[in-house]
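Trainee: Provide a 3D model corresponding to the input given below.
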Amino acid sequence: MTWDDGTPYVEELAAGVHAYVQPDGGWMVNNCGVVVDGAGTAVLVDTTSTERRNRAVLAEVAKVSTGAPRALVNTHHHPDHTYGNGFLPAETLVIGHDKCREMVLAAGLEATRVITTPDYGDLTLRPPEITFPDRMTLHLADFPVELRHVGGPAHTTNDVLVWLPEQKVLFSGDLAFNGGQPFVLEGSIAGFRRAVAQMQELEPEVLAPGHGPVCRGDDVARLLADMDAYLAYVEDVATASYAAGLSPLEAAQKNRDNPYRTWAETERFVGNLHRAYSELAGNPIDTRLTVPSVWPDMVTFHGGPIACHA
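Mentor: The predicted model follows:
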């Protein structure tokens with residue numbers, strides 16, 4: 001299966017641990033995960049954005065587990081990771097950070113009014129029913145699954161790492177993008193870099209990113225280093241451009257020919273500069289910036305409508 005094929009596929013990461021990978025990994029097209037213990041109990045990591053895509057995920061889960069999934073973990077509140085929550089049966093417990101629940105409820109279905117091309121199907125908003133502030137451990141029959149909030153705004157305010165210490169497998173959610181530019185608008189540049197450092201300290205042997213192909217071995221360290229270098233570059237451009245009186249859009253346009261121009265979703269550069277400018281202006285680190293508020297700048301930088309293949 002090639003990444004360019006566009007067809008979702010399941011990749012085994014360790015015994016009983018799988019990633020559900022959705023090419024091309026762009027807007028509203030994310031990866032999910034499933035962890036199954038020796039008793040056949042399944043824990044899902046994230047859902048996805050449309051009814052059709054979620055039904056495909058659940059069909060694959062049914063092939064490797066017994067009965068309804070015991071739990072679903074949302075790595076953060078973004079709609080491509082949570083819109084499918086409502087397609088899980090009532091007996092499946094939805095788990096997330098305290099602020100994940102808050103943000104799912106606050107955002108509602110606003111993404112369907114910004115990214116309008118997908119057929120979302122019959123969505124039902126379902127926030128996490130069990131929340132935690134820092135860490136939680138799910139004790140499966142054979143091994144633990146650790147849920148770790150990264151400690152502050154990073155990609156969002158509520159990012160959770162799903163870490164399997166015995167298997168050395170990490171589900172990063174959108175704290176890692178493989179092949180695309182990360183998105184920091186609703187988080188923090190400095191906080192994202194601290195989250196990258198936390199992932200590096202874990203030394204995972206396998207990393208399933210929120211978007212893009214799974215990484216193994218040396219490619220994990222390489223991806224995390226590239227993520228940190230990108231964020232440092234955004235910081236540098238923002239600092240110089242803010243001092244020069246440029247707007248985030250003007251700064252992005254001036255620096256269009258940059259080392260990361262070949263990464264997918266280059267329009268996120270503008271959104272990331274909006275976040276960096278907010279930090280440079282001295283706003284509180286958790287100041288909320290929304291996608292609808294910067295989408296026009298992103299479309300302008302992109303040069304026209306931004307494609308979504310969900």
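Trainee: longest strand of this structure?
Mentor: Counting by DSSP state E, the longest strand found in the chain is strand 169-177.
Trainee: how far is the helix or strand just after it from where the chain is centred?
Mentor: Sequence-wise, the next helix or strand downstream of strand 169-177 (DSSP states H and E) is helix 189-202. Centroid separation for helix 189-202 versus its chain: 14 Å, with Cα atoms, centre = their mean, to the nearest Å.
Trainee: ok, back up a step: what is the longest strand of the chain packed up against?
Mentor: Here strand 169-177 touches strand 160-164, helix 189-202, strand 206-211, helix 218-243, going by 3 or more Cβ pairs under 8 Å, 6 or more residues apart in numbering; DSSP states H and E. Where C-beta positions appear, they are placed from N, C-alpha and C, glycine not excepted.
Trainee: partner strands of that strand and their direction?
Mentor: Sheet pairing here is set by DSSP bridges, and for strand 169-177 it gives strand 160-164 (antiparallel), strand 206-211 (parallel).
Trainee: mind putting those strands into JSON lines with mean pLDDT?
Mentor: Listed next are the strands paired with strand 169-177 as JSON lines, based on pLDDT from 0 to 100:
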{"stretch": "strand 160-164", "mean pLDDT": "98"}
{"stretch": "strand 206-211", "mean pLDDT": "98"}
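Trainee: nearest to G16, of those strands?
Mentor: strand 160-164 (9.6 Å; Cβ to Cβ).
Trainee: and that closest one, how far from the chain's centre?
Mentor: Remark: strand 160-164 is offset 12 Å from the chain centroid, using Cα atoms, centre = their mean.
Trainee: now do the contacts for F269.
Mentor: Q181, V234, A252, N255, N258, Y260, F301 (Cβ atoms under 8 Å, 6 or more residues apart in numbering).
Trainee: please identify the helix or strand for the residue nearest to A107 when sequence neighbours are not counted.
Mentor: Closest residue in space to A107, ignoring its immediate chain neighbours: H77 at 6.7 Å, by Cβ to Cβ, 6 or more residues apart in numbering. If you go by DSSP H and E, H77 is not part of any helix or strand.
Trainee: circling back: among the contacts of F269, which lie within helices?
Mentor: The members of those that map onto helices under DSSP state H are V234, A252, F301.
Trainee: top of the residues you listed by number of neighbours, please.
Mentor: A252 (28 neighbours; other Cβ atoms under 10 Å).
Trainee: just for the protein, where's the confidence low?
Mentor: Within the chain, the stretches with pLDDT under 70 are 1-5.
Trainee: all strands for it, in order.
Mentor: 9-14, 17-21, 32-36, 42-45, 71-73, 93-97, 130-132, 135-139, 144-149, 160-164, 169-177, 206-211, 215-216.
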